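**Q** The following block contains a protein sequence and its predicted model.
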Amino acid sequence: MSDHVDNTDKIIFAEVARGLAAVRRRPGLVADGCCHYCDEALAPELLFCDADCRDDYDKEQAAKARAGRAG
């Protein structure tokens with residue numbers, strides 16, 4: 001019984017590792033002084049003006065991914 005559990009653990013860990021590697025390869029957002037959702041001027045190190053814009057951006061990107069369109 002232990003062998004089946006060990007094999008399943010290996011498969012699960014390999015799948016998690018593949019998923020993490022895929023996420024790490026994705027290009028990240030670069031701070032450019034404007035909110036990436038509403039284009040409001042920001043301090044140079046910020047990506048979004050508030051949590052609402054961040055959440056709306058994430059929802060929009062998820063919808064594009066579901067529709068098969070790139071970011």
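**A** Cool, the structure landed.

**Q** Assign the residue nearest the centre of the chain to helix, strand or coil.
**A** Geometric centre of the chain, nearest residue: residue 23, 6.5 Å, by C-alpha atoms, centre = their mean. Secondary structure, DSSP: H, G, I helix; E, B strand; the rest coil: residue 23 is helix.

**Q** Tell me where the chain is predicted with low confidence.
**A** Within the chain, the stretches with pLDDT under 70 are 1-2, 70-71.

**Q** neighbours around residue 58, how many?
**A** 12 (other C-beta atoms under 10 Å). For every residue, glycine as well, the C-beta is placed using N, CA and C.

**Q** backbone phi and psi for residue 34, please?
**A** phi -130, psi 150 (degrees, to the nearest 10).

**Q** What's opposite it in the beta bridge?
**A** Counting by DSSP bridges, residue 34 is bridged to residue 41.

**Q** Now do it against residue 17, distance only.
**A** Distance, residue 34 to residue 17, by C-beta to C-beta, to the nearest Å: 35 Å.

**Q** Looking only at neighbour counts, state which of these two leads.
**A** Using other C-beta under 10 Å, the more surrounded residue of residue 34 and residue 17 is residue 34, with 16 against 10.

**Q** OK, contacts around that one?
**A** By C-beta atoms under 8 Å, 6 or more residues apart in numbering, residue 34 lies in contact with 40, 41, 42.

**Q** where do the strands sit along this structure?
**A** With strands called from DSSP state E, the chain shows none.

**Q** in it, which spans are helices?
**A** Along the chain, the stretches classed as helices by DSSP state H are 2-25, 51-67.

**Q** sorry, back to before: could you dump the contacts of residue 34 to TSV with neighbour count and distance to residue 61?
**A** Formatted as TSV, the contacts of residue 34 follow (neighbours: other C-beta atoms under 10 Å; distance: C-beta to C-beta, whole Å):
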residue	neighbour count	distance to residue 61
40	12	18
41	8	22
42	17	19
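
**Q** With respect to residue 12, which of those is nearest?
**A** residue 42 (40.3 Å; C-beta to C-beta).
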